[in-house]
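Mind folding the following:
(chains A and B)
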Amino acid sequence: MQDKVLEITGLRKNRGAACVLDDVSLSVTAGERVALLGHNGAGKSTLIKAVLGLMPFEQGEVLVAGHKPGSAAARSATAFLPEAVSFHPALTGREQLHLFSQLAGVKADIEGLLDRVGLADALDRRIGTYSKGMRQRLGLAQVLLGKPQLALLDEPTSGLDPISRQDLYEIIDELAAAGCAVLIASHALTEVEARTDRIAILRKGKLVANDTLVGLSAQAGLRTRVRLKAGQSAADLAALTGGRQVNGASVEIEIEPPQKMQTLQRIAALGDAVVDVDITPPDLEELYRHYAREGLQ
Amino acid sequence: MTRFLAITKAELRILRRNRWLFMATLIMVLFALALTFAGSAPTGSVGVDMLTITVTSMTTLSVYLAPLLALMISFDAIAGEAERGSLGLLLTYPTGRAEILLGKFVAHLCALIIAMTIGFGSAGAVAVFSGGAGPESLVALARLIVTSVVLGAVFVLLGYMVSALTRSATAAAGMGAGLWLVFVVLYDLGLLGAVVLDGGGWFTQTLFPWIMVANPADAFRLVNIASSEGMALSSGMVGAVSVLPSWAAPVSLVLWLLLGFGFARTAFGRVEP
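Residues are numbered from 1 along each chain as shown, chains lettered A, B, ... in the order given. As a prediction, this is how the structure comes out:
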């Protein structure tokens, strides 16, 4: 049994008459990266607030490293990156991070951290002069303060350019490698680029999926496309494999995920009839739409 | 244990950078000096020294100015953080809400101490330099500075309460202005009306001084006036002073400090970022 850093069981939260979180159970183990997906208003931020102890809830139990959310022990174990974070414009990046390190009660290499997130040139400039992406990076730097057991990142990619996004995922990987449980909330699967170990999808307060990308694809029954380049005749190859001829040289087969290896073995057995193979798993966007909209259809 | 001091340090830095400290001190100095020079004329006729007259005028001024400066400094404390989106983050740190309030309070208190000491102190310096100050009036000046800071501190705490109760800094500023109006202006007007209606009866004789001292702004006025015969004479407030025991006004101020922190902490405790 693995060490569960975050454990949510049967969490329920009502806001007025509406139920914003309905019997949600989710856990994240040490070193695991979990993406929490859902449309705006699906309950992602509410879930995060409940875990942070910023919001009371009606039913269920949340444990952060074995402690009640909002308790001093839980807060010390948790790092949080709010969505579109902002700081006091009159302080510099270094001063702000120094303040956070003192509040967290940790001795930290402030310059090293700011360098790690790409703010080495701006550490003595006032935050008021920072761009949105730079403020986001500063927010990320405070996540790295101390050694969090649990990191909650709310829309961490918002406002970041593609290169910064790459840096962000490297930092997330480092956190996870150091044994931190990472929960990343996002509104689109393409945003998290599948660089997570598991994907949980919230729809109208209900957890509708919680599995690996492969597992989700299998459950959704979305097909993997295998494109074969024919050695001699594409028409013959199409007849042989039961696929569809797409042009003079290629044949496309759609297969269910569990049959993938079996199909590949069959193709390998064909010998010279096949020159090349391309495998396209289901599109991430397609997969996300399948789960996030299932109930609406 | 000293985590609140980290907040204090950052807040003081912010006050210095956004020029609040400079502006507040400048306002206090300008008003104190204006009152010193404008008020130096009637000294001979009342028979007290120049600084006594100035302290009396500055007491009247401080009743309005100390709460105003205090509310200006504090209305943004929680609502501003909430608007920026940094409050949620701040509250996820191991620092408790009371510690956050304490950290900000100590910083704002320091700012008030600096502004009041330099402001009123400059009036004292002018009086000493021109030979218009005696030991008694210097004590009165020191008392004015200390009580002004305490009165300001009460309104800093009430400002936090207002800041926690509203969702935006703009709304907090509006509510703060309302608070100032009620405590500093309307309360006294209401009491005055009641006294006039009562026509010197039981209410005026017994109840009125107690209701008056329950207001921190009036308690501040009473502390400064009751303790100096010269000031009581020159301000014409001898009547109310004689009814109340001498501890009433200082106790009222201290109680308001405790109440203010309680209100602010309760209001802040209900904030869900």
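
going forward, measure contacts between C-alpha atoms and count neighbours the same way
Fine.

For chain A, what is the nearest residue in the stretch 101-250 of chain B?
Sorted by distance to chain A under CA to the nearest CA, the residues of the stretch 101-250 of chain B start with residue B:103, at 11.1 Å.

Quick check: that residue is in a strand.
No. When DSSP: H, G, I helix; E, B strand; the rest coil is applied, residue B:103 is found to be helix, with no strand at that position.

doesn't residue B:12 make contact with it?
No. Distance between residue B:103 and residue B:12: 10.0 Å, which falls outside the contact criterion (CA atoms under 8 Å).

For chain B, what lies in contact range of chain A?
Taking CA under 8 Å from any CA of the partner chain as the criterion, chain B approaches chain A at residues B:3-4, B:6-7, B:10, B:13-14, B:17-18, B:84-86, B:88-89, B:91-95, B:272-273.

Could you rerun that using 6 Å?
Residues of chain B found near chain A (CA under 6 Å from any CA of the partner chain) are B:3, B:14, B:84, B:85, B:86, B:92, B:93, B:94.

Tell me which of these has the lowest pLDDT.
When the residues of chain B next to chain A are compared on pLDDT, residue B:85 comes out least confident, at 83.

I'd like the distance between that residue and residue A:201.
When CA to CA, to the nearest Å is the yardstick, residue B:85 and residue A:201 sit 25 Å from each other.

cool, and residue A:98?
According to CA to CA, residue A:98 stands 36 Å off from residue A:201.

The residue of the stretch 101-250 of chain B closest to chain A touches residue B:8, doesn't it?
Yes. The pair residue B:103 / residue B:8 is scored as a contact, 4.6 Å apart, by CA atoms under 6 Å.

Tell me the secondary structure at the residue of the stretch 151-273 of chain B found nearest chain A.
Among residues of the stretch 151-273 of chain B, the one nearest chain A by CA to the nearest CA turns out to be residue B:272. It sits 6.2 Å away. In the three-state summary, residue B:272 is assigned as coil, counting by three-state DSSP.

same deal with residue A:90?
Strictly by three-state DSSP, residue A:90 counts as coil.

Now it. Its backbone dihedrals?
For residue A:90, the backbone dihedrals are phi -80, psi -10 (criterion: degrees, to the nearest 10).

Show me what the most centrally placed residue in chain A is bridged to.
Within chain A, the residue whose C-alpha comes closest to the C-alpha centroid is residue A:35; the distance, by CA atoms, centre = their mean, is 2.8 Å. Using DSSP bridges, the bridge partners assigned to residue A:35 are residue A:184, residue A:199.

shouldn't it be in contact with residue A:182?
No. Between residue A:35 and residue A:182 there is no contact under CA under 6 Å: 8.3 Å.

all strands for chain A, in order.
Listed from the start of the chain, chain A has strands (DSSP state E) covering A:4-15, A:18-29, A:33-37, A:59-64, A:78-81, A:150-154, A:181-186, A:198-203, A:206-211, A:224-230, A:244-245, A:250-255, A:274-280.

ok, and for the host helix or strand of residue B:10, which residues are buried?
Residue B:10 belongs to helix B:3-17 when elements are defined using DSSP states H and E. Buried positions in helix B:3-17, judged by neighbour count with 16 or more other CA atoms under 10 Å in any protein chain shown: B:3-15.

Name all residues that make contact with residue A:120.
Neighbouring residues of residue A:120 by CA atoms under 6 Å, 6 or more residues apart in numbering or on different chains: residue A:114.

before we move on, back to that, could you report the distance from the residue nearest to the centre of chain A to residue A:185?
In this structure, residue A:35 and residue A:185 are separated by 6 Å, where distance is defined by CA to CA.

One more: residue B:130?
Using CA to CA, which is the criterion applied here, residue B:130 is 70 Å from residue A:185.

beta partners of the residue in the stretch 151-297 of chain A that chain B sits nearest to?
Going by CA to the nearest CA, chain B is nearest to residue A:152 of the stretch 151-297 of chain A, at 10.8 Å. On the basis of DSSP bridges, residue A:152 takes part in beta bridges with residue A:80, residue A:183.

how about the helices in chain A?
When secondary structure is read from DSSP state H, chain A shows helices at A:44-52, A:72-77, A:93-104, A:110-116, A:132-143, A:162-177, A:189-192, A:213-220, A:234-241, A:260-269, A:284-292.

worst average pLDDT in these?
helix A:189-192 (a mean of 72).

Show me what stretch A:67-82 is in contact with.
Stretch A:67-82 is contacted by residues A:51-53, A:64, A:139, A:143, A:148-154, B:92-94 when judged by CA under 6 Å, 6+ apart.

Next, the buried residues of it.
Residues A:67-71, A:74-82 are the ones in stretch A:67-82 that count as buried (16+ other CA under 10 Å).

what's the answer for stretch A:160-168, then?
For stretch A:160-168, using 16+ other CA under 10 Å, the buried residues are A:160, A:164, A:165, A:167, A:168.

Farthest pair within those?
Spanning the widest gap among the buried residues of stretch A:160-168 are A:160 and A:167, at 9.9 Å by CA to CA.

Can you pull the phi and psi angles for residue A:197?
The phi/psi pair for residue A:197 (degrees, to the nearest 10) reads phi -80, psi -30.

Go ahead and confirm it touches residue A:31.
No. Residue A:197 lies out of contact with residue A:31 (CA under 6 Å); the separation is 9.6 Å.

Quickly list the domain ranges of chain A.
If the domains of chain A are taken from automatic domain parsing, they occupy A:4-218, A:223-281, with pieces of a single domain joined by a plus sign.

Say whether chain B is contacted by stretch A:10-18.
No. Shown here: stretch A:10-18 not in contact with chain B (CA under 6 Å from any CA), separated by at least 12.9 Å.

Quick one: mean pLDDT for that stretch?
On average, stretch A:10-18 scores 86.

How about stretch B:62-75?
Stretch B:62-75 shows a mean pLDDT of 95 in the predicted model.

Contacts for it, please.
Contacts of stretch B:62-75 with the rest of the structure, by CA under 6 Å, 6+ apart, involve B:152, B:155, B:156, B:159, B:160, B:163, B:172, B:173, B:217.

so of the residues you listed, which ones are in helices?
Using DSSP H, the subset of the contacts of stretch B:62-75 located in helices is B:152, B:155, B:156, B:159, B:160, B:163, B:172, B:173, B:217.

Pull up the gap between the second one and residue B:133, please.
What it means is residue B:155. Note on residue B:155: its distance to residue B:133, by CA to CA, is 31 Å.

near chain B, which residues of the stretch 51-200 of chain A show up?
Taking CA under 6 Å from any CA as the measure of proximity, the stretch 51-200 of chain A contacts chain B at A:72, A:75, A:76, A:85, A:86, A:87, A:90, A:103, A:104.
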